[in-house]
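K.L.:
structure for this input, please:
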Amino acid sequence: MFKVTSSHTFRNPSRQQIDSTTQGKTSDYSHAVSGVNQILDKNNLGISDRSKNSVIDNVNKVEKGQRSEVNAHQREALNFGRDAFVSFSKGQFKQGAVEALGSGLNGAASVFKSTYTQTPSEKKGIDPW
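P.N.:
Predicted coordinates for the structure are as follows:
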């Protein structure tokens, strides 16, 4: 999805933690997280502790089949929306704009993914119909 440079040195410790979590993961979600995380670090854009923890939790649960990619994107849309509200209220407009964009993109990704991605139950052979 996104070209990730193996030689990138992370400046933001939170983004480094996210990167460490995505290493060796095979899901589309973790690959997308890895690429976007690196792009945001290169542009010196931070992430709240709440969102960092949520992203790490999502990467791990998606990889284990405990959470669908659709639900992971929905959770990120909500978290980044909250972060955007907080950033805007503090006058941090650049950070807030990026978080608002992330919220919108994750919302769109959840809708797109829902059209073809199996839920964890469907992967176990449980038909929703």
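K.L.:
quick one: low-confidence parts of this structure?
P.N.:
Within the chain, the ranges that satisfy pLDDT under 70 run 1-6, 120.
K.L.:
ranges for the helices of the protein?
P.N.:
Under the criterion DSSP state H, the chain carries helices at the ranges 13-22, 28-42, 49-64, 69-89, 93-114, 120-123.
K.L.:
tell me which of those lies nearest to Ser7.
P.N.:
helix 28-42 (10.8 Å; CB to CB). C-beta coordinates here come from the backbone N, C-alpha and C atoms, glycine included.
K.L.:
neighbours around the residue nearest to Lys52 when sequence neighbours are not counted, how many?
P.N.:
Using CB to CB, 6 or more residues apart in numbering and skipping the chain neighbours, the partner closest in space to Lys52 is Ser14 (4.5 Å). For Ser14, the neighbour count with other CB atoms under 10 Å is 19.
K.L.:
show me what contacts Ser14?
P.N.:
By CB atoms under 8 Å, 6 or more residues apart in numbering, the contact set of Ser14 is 46-47, 49, 52.
K.L.:
any idea how far Gly102 lies from Gln38?
P.N.:
According to CB to CB, to the nearest Å, Gly102 and Gln38 sit 14 Å apart.
K.L.:
state the distance from the closest residue to Gln118 other than its chain neighbours to Leu40.
P.N.:
Excluding the flanking residues, the one nearest Gln118 by CB to CB, 6+ apart is Ser68, at 7.7 Å. Look at Ser68 and Leu40: by CB to CB, they are 24 Å apart.
K.L.:
likewise Ala109?
P.N.:
16 Å.
K.L.:
now swap in Ser34 and tell me
P.N.:
11 Å.
K.L.:
likewise Lys90?
P.N.:
18 Å.
K.L.:
neighbour-wise, which of these two wins?
P.N.:
Under the criterion of other CB under 10 Å, the comparison of Lys90 against Leu40 puts Leu40 first, with 17 against 10.
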